[in-house]
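> below are the sequence and a predicted model; questions follow.
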Amino acid sequence: MYHFNLKKNLSLLVCLSLFSASSIAGVSTKNSTATAWEKNKPYQITILHTNDHHGRFWQNDIGEYGLSAQKTVVDQIRQEVTAQGGKLLLLSGGDINTGVPESDVLQAKPDFIGMSEIGYDAMAVGNHEFDHPLPVIREQQKWATFPFLSANTYFKDSNNRVFDAYRVFNLNGVKIAVFGLTTDDTIFLASPKNTDGIEFRKPLPEAEKVIAQLKANENPDVIIAVTHMGHYENGEHGSMAPGDVELARGLPAGDLNMIVGGHSQNPVCMASSNKRITEYVPGTPCAPDQQNGTWIVQAHEWGKYVGRADFIFLNGTLTLQNYQLIPINLKKEVDNGNGTKRLEYYTQEIPQNKQLLEHLKPYQEQGKQQLLVKSGELTGRLEGDRNVVRYQQSNMGQFLLSAFVEKTNADIGIMSGGMIRDSLIEGNITYRDILKVEPFGNSVVYFDLTGAQLIDYLNVAISKKPGSGAYAHFKNLTITKVGDKIAEVKINNEPLDLQKSYRIATLDFLAAGGDGYPVTNTLSTYVDTGYRDADAVKQYFEAHTPINASEYEPVPFIFDN
């Protein structure tokens with residue numbers, strides 16, 4: 001049997017000693033009325049957590065992660081905690097949607113069904129939940145046996161929340177309140193057509209409001225925020241909306257015991273105060289962040305880990321005993337010494353739960369049937385890594401925009417780097433491969449602008465900072481700048497004519513103002529082709545196969561004068 005015994009994990013205690021003794025002692029929860037717990041009696045409370053699942057209900061091609069192996073781990077810990085008289089909560093930091101085609105074509109139904117069987121207690125609403133319109137989200141809520149929480153998501157111009165703000169759990173007489181928060185960047189990150197009539201208010205004021213309500217009406221012993229806001233080292237969130245560190249610092253000390261986070265998709269394992277471990281190695285000790293008396297945790301992404309925090313609640317004080325990230329069958333390359341390599345588990349193999357595996361298998365097969373048809377062949381690699389496409393022009397951007405330009409007979413193509421989600425490697429390319437690159441289901445659209453109008457549009461596009469998902473990719477365009485402003489534009493190497501009309505191909509997300517781009521879907525020249533981006537790319541692949549990646553290398557498009 002697969003065992004986790006944190007009592008024996010002395011290395012974790014060493015790691016936690018990076019923080020002061022008073023830090024480990026935890027935070028006292030104030031109570032104004034009689035409590036249900038007994039004085040001088042210790043209560044074991046374990047919080048398990050994941051985040052940014054992104055469709056990974058099935059293990060990957062080398063047997064990593066997947067909900068069936070995750071269930072084995074959760075079941076084992078649940079049995080262990082129960083045998084010791086403790087209680088457990090399993091929480092998700094959100095973003096269940098979008099990432100793996102077999103899940104995407106089924107609107108994440110297998111993911112929510114699998115999470116329900118594992119026994120999740122609550123999840124934060126992530127920005128990628130709004131990759132679908134609200135009616136689909138409501139259907140997903142029916143598939144799930146746990147609540148979707150977001151205290152700061154409202155129907156526009158009302159005091160009516162779209163989701164429940166919080167849920168209260170009674171664990172052996174210890175009342176734990178869990179409330180949810182969603183990044184207010186969602187209004188820019190999600191397709192505007194999916195957020196029509198919805199607003200995302202600033203999280204900190206909503207947290208203050210909910211905590212006051214909880215204290216007045218629920219009298220909780222412990223308060224946990226399950227968030228989809230991101231963990232930014234030392235609160236340095238750059239152009240993104242503030243995240244978990246800023247939330248903890250903004251609240252009075254002692255108001256919030258713990259934040260279970262998501263969105264930034266990193267393992268929150270601290271090297272020292274306000275300094276996160278840059279390259280966390282699976283299976284090694286992990287110390288969570290602590291800000292203003294609040295523990296902050298995040299378990300990377302995709303179900304690669306289950307985070308485990310073991311607390312003791314005694315006389316109104318919550319003390320963190322141990323913390324770890326449990327790798328779910330993560331593997332590393334090991335040199336055989338003869339020029340070859342093999343894969344080995346970082347820790348040990350976790351068997352998949354057979355019952356859940358059989359339950360999810362029909363969904364996997366159903367999705368595969370729609371995805372495994374060959375679209376063409378690729379020579380070389382089309383680069384879609386986020387560390388490339390959010391910082392510089394790429395051959396993947398050129399390839400995708402070539403498909404959109406051809407589909408619309410446009411003069412130029414524009415898209416943002418955040419819309420590119422994977423690479424394509426040499427060999428046969430299937431529809432599944434293409435959907436991993438373009439998973440969001442955006443429509444290919446076009447509109448016409450005069451040369452003068454186009455300069456105004458491009459001044460906005462080039463203002464998007466490298467590193468952000470809004471970073472602009474261009475096709476058939478060369479720009480010369482003076483300072484931060486455009487001085488000259490060439491289209492297909494021809495000087496821009498201010499009076500001439502030009503056709504721009506993009507995706508409906510950007511045309512509706514997504515990522516802060518100018519709204520163009522209200523123009524009289526705007527046309528939605530009705531073609532999904534991935535479908536247009538598939539057709540382009542079929543028409544031009546074999547594709548040679550070297551033919552799509554980007555050329556410099558911005559020159560400073």
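Looks like it came in fine. Residues are numbered from 1 along each chain as shown.
> and the helices in the stretch 351-500 of the chain?
Using DSSP state H, counting those that start in this stretch, the helices of the stretch 351-500 of the chain run over 354-369, 386-389, 395-408, 431-437, 451-461.
> can you give me the pLDDT of the spatially most distant residue from the centre of the chain?
Taking CA atoms, centre = their mean, the residue of the chain most remote from its mean C-alpha position is residue 499, at 43.0 Å. pLDDT recorded at residue 499 is 95.
> I figured it hits residue 451, correct?
Yes - with contacts counted by CB atoms under 8 Å, residue 499 reaches residue 451, the gap being 6.5 Å. C-beta here means a position set from N, CA and C on the backbone, and glycine is covered the same way.
> residue 523 and residue 445: what is the separation?
Per CB to CB, to the nearest Å, residue 523 is found 10 Å from residue 445.
> higher neighbour count, these two?
Neighbour tally, residue 523 and residue 445, criterion other CB atoms under 10 Å: the higher count belongs to residue 445, 26 against 14.
> check contacts around that one.
Shown in contact with residue 445 (CB atoms under 8 Å, 6 or more residues apart in numbering): 408, 505, 506, 507, 508, 511, 521, 526, 527, 528, 529.
> show me which residues of stretch 389-397 are buried.
Within stretch 389-397, the residues that count as buried by 16 or more other CB atoms under 10 Å are 389, 390, 393, 394, 395, 396, 397.
> pretty sure residue 312 is in a helix, no?
No - assessed with DSSP: H, G, I helix; E, B strand; the rest coil, residue 312 is strand; it does not lie in a helix.
> show me what contacts it?
Neighbouring residues of residue 312 by CB under 8 Å, 6+ apart: 42, 43, 44, 45, 318, 319, 321.
> can you give me the pLDDT of residue 28?
So residue 28 comes in at 33 (pLDDT).
> related to what we said a few turns ago, if you look at the contacts of residue 445, which of them are in helices?
408, 508, 511 (DSSP state H).
> the second one is in contact with residue 443, isn't it?
Yes - under the criterion of CB under 8 Å, residue 508 is in contact with residue 443, at a separation of 4.3 Å.
> these two - which one has more neighbours?
residue 508 (22 against 19).
> how about residue 353, phi and psi?
With angles defined as degrees, to the nearest 10, residue 353 sits at phi -70, psi 120.
> I'd like the ones in helices among the contacts of residue 445 as JSON lines, with distance to residue 275 and pLDDT appended.
Compiled in JSON lines, the ones in helices among the contacts of residue 445 are given as follows (distance: CB to CB, whole Å; pLDDT from 0 to 100):
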{"residue": "408", "distance to residue 275": "48", "pLDDT": "93"}
{"residue": "508", "distance to residue 275": "41", "pLDDT": "92"}
{"residue": "511", "distance to residue 275": "41", "pLDDT": "95"}
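> any chance of JSON lines for the residues you listed, columns distance to residue 196?
Listed next are these as JSON lines, based on distance: CB to CB, whole Å:
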{"residue": "408", "distance to residue 196": "25"}
{"residue": "508", "distance to residue 196": "13"}
{"residue": "511", "distance to residue 196": "14"}
